[in-house]
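Student: what's the 3D shape of this:
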Amino acid sequence: MSEIELAMEGAAEPAVPAASPAMLRRVALASCVGTTVEWYDFFVYATAAALVFNKLFFPQFDPLVGSLVALGTYAAGFIARPIGGLVFGYVGDRLGRKKALVTTLLIVGIATFAIGLLPTYAAIGLAAPLILIGIRMLHGFGIGGEQGNAILIVCEHAPDERRGFYGSLVQIGAPAGFILPLGLFALLTATMSDAVFLDWGWRLPFLVSILLIGIGLYIRVNLSESPLFASAHRQGQPRASLAAMLKKHTRGILLGWGAKICEATIFSVYAVMISAYAVNRGIPKSLMTTAILIAIVIEVLTLPLFGALSDRIGRRAVYIFGSAVTMLLAFPVFALVYYDMQSVIWIGLVGALAIGHSAMYAPQAAFFAELFPTPVRATGVAVVQQFGALIGTIGGFAAGWLLQVGNGTPWLLAGYVAFTGVVTALSVFFMSESAPRHAAVSAVSFH
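Tutor: All right, here's what the predicted structure looks like:
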């Protein structure tokens, strides 16, 4: 067996001492903060796209079309994520997780700050929306490279028996990054006139991000490199090519995509799409925004609980539980909106996001990391995470046309959401358990 084959099997994995508790806490905090900052940058664009970009960058369209085009530029970021994942997966496997994380933070941060300074269509014409789309692609490129490396630098520091818990702390960055821009825009719109907000107030959340980037950069620069990567790098472990990695881990990648599809779909459906549907049915947007915020705030609290539970009873059990909750709640959650049960919509969203989504998203970090050996882990996780997210997110948004097919009833869309739960449950069922307490052989390479 060649050196590359040994590395691909995980047989050549070096034994490394466990990180100190202090260093582990620092790495976990740094990754959580840094990931929150990057997701803040990603989602602040989405919030502004829904509020002002149609008026400032796409005024040549009628209001409805302009709104759709503005939100379309938001989707462009998802298309760029797999490319960033592959590029920075390579960087993470060749040069280190830390270098990749510092670079992606700079890319996303500078792009976000630049939007705060960008002239509008009224000032520079067609160049304004074109530059905006280009910056959005940079957002997606950076986030695609950040997510996998942030997961790995934590999981590769963590002790085997607590990898699910520490990996879930990184996942907090996405819901936290979703909450912050919503809160900031809500504050600005409540304290400014519409004219002032449209003139310059909308720029503040983008400009403020430079402070967050400075904090995140300071924390990440002072991180220690992943001990597993550092040890493998010192020993000169070869990194297999992308083609070799894909061939060796085809089954794991395909099942990983299946595991990802439900989680990615329901976040886009319940955090974004259902609000538009509800408002179209006459439910106040403020009510839906509050309901979604309540659900996502509670998810921040449940993520580490489900991560810790996956260490105790296994990744598969927790993950399948989350997909089962999604299947069971798909029709009831949409029924709450369809039948205008405004006082309890938030309860349905808490179940869908803080339980169903959280139970899948929390163990996902460790589960996907445990699929691959150290020399190709960053690339492997990027392929599973980012291409799986693209499939799930684009599929979720595209499924919105089912509302039209159903003549305004949500049952076809709810059926699609439940179907993704079935796909994910079956995919996870056929994946090998990787939590050390429950696996006959702990998944490749963390030893």
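Student: in the stretch 101-250 of the chain, where is pLDDT below threshold?
Tutor: Along the stretch 101-250 of the chain, segments meeting pLDDT under 70 span 236-240.
Student: now with 80, please.
Tutor: 232-241 (pLDDT under 80).
Student: in it, which spans are strands?
Tutor: When secondary structure is read from DSSP state E, counting those that start in this stretch, the stretch 101-250 of the chain shows no strands.
Student: surely Leu101 meets Gly148?
Tutor: No - here Leu101 does not reach Gly148: they are 10.0 Å apart, not a contact under CB atoms under 8 Å. From N, CA and C alone the C-beta is placed, and that goes for glycine too.
Student: what domains does the record give for this protein?
Tutor: In the domain annotation for the chain, the residue ranges read 16-237, 238-440 (automatic domain parsing).
Student: who touches Val208 in this structure?
Tutor: Applying CB atoms under 8 Å, 6 or more residues apart in numbering to Val208 gives the contacts Leu184.
Student: next, work out how far apart it and Gly134 are.
Tutor: Val208 sits 22 Å away from Gly134 when distances are taken as CB to CB, to the nearest Å.
Student: also Ala48?
Tutor: With distances taken as CB to CB, Ala48 is found 16 Å from Gly134.
Student: likewise Leu204?
Tutor: Leu204 is 22 Å from Gly134, by CB to CB.
Student: between these two, tell me which one has more neighbours.
Tutor: More neighbours surround Leu204 than the other of Leu204 and Gly134, with 16 against 13 (other CB atoms under 10 Å).
Student: residue ranges with poor pLDDT in the stretch 251-400 of the chain?
Tutor: Along the stretch 251-400 of the chain, segments meeting pLDDT under 80 span 272, 276, 396-400.
Student: residue nearest the centroid of this structure?
Tutor: The central residue of the chain, meaning the one whose C-alpha is nearest the mean C-alpha position (CA atoms, centre = their mean), is Ala174 at 5.5 Å.
Student: so what's that residue closest to, chain neighbours aside?
Tutor: In space, Ala174 comes closest to Trp39 once its chain neighbours are excluded; the distance is 5.0 Å by CB to CB, 6 or more residues apart in numbering.
Student: show me what the host helix or strand of that neighbour is packed up against.
Tutor: Per DSSP states H and E, Trp39 falls inside helix 21-48. Helix 21-48 makes packing contacts with helix 63-94, helix 97-117, helix 127-155, helix 163-171, helix 173-191, helix 204-221 when contacts are defined by 3 or more CB pairs under 8 Å, 6 or more residues apart in numbering; DSSP states H and E.
Student: how about the nearest residue to Leu353 once chain neighbours are set aside, secondary structure?
Tutor: Sequence neighbours aside, Ala295 is the residue nearest to Leu353 in space, at 4.2 Å (criterion: CB to CB, 6+ apart). Secondary structure for Ala295, judged by DSSP: H, G, I helix; E, B strand; the rest coil, is helix.
Student: give me the number of residues near Ala295?
Tutor: Around Ala295 sit 25 other residues, with neighbours defined as other CB under 10 Å.
Student: what of Val269?
Tutor: The burial metric for Val269, expressed as a neighbour count using other CB under 10 Å, is 28.
Student: and the gap between the closest residue to it other than its chain neighbours and Glu299?
Tutor: Nearest-residue entry for Val269: Gly396, 5.0 Å, with adjacent residues in sequence omitted and distances by CB to CB, 6+ apart. Computed with CB to CB, the distance linking Gly396 and Glu299 is 17 Å.
Student: do Leu390 as well
Tutor: Distance of Leu390 to Glu299, computed by CB to CB: 22 Å.
Student: how about Gly314?
Tutor: As for Gly314, its distance to Glu299 is 21 Å (criterion: CB to CB).
Student: which one's more surrounded, those two?
Tutor: Between Gly314 and Glu299, counting by other CB under 10 Å, Glu299 is the more crowded of the two (30 against 21).
Student: so what's the more buried one up against?
Tutor: The contact partners of Glu299, taken as CB under 8 Å, 6+ apart, are 175, 353-354, 357-358.
Student: just the buried ones out of those, please.
Tutor: For the contacts of Glu299, burial is judged from neighbour counts taken by 16 or more other CB atoms under 10 Å, and it is met by 175, 353-354, 357-358.
Student: any chance of those in CSV, with distance to Gln385 and secondary structure too?
Tutor: What follows is the buried ones among the contacts of Glu299, written out as CSV (distance: CB to CB, whole Å; DSSP: H, G, I helix; E, B strand; the rest coil):
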residue, distance to Gln385, secondary structure
Pro175, 16, helix
Leu353, 19, helix
Ala354, 21, helix
His357, 15, helix
Ser358, 17, helix
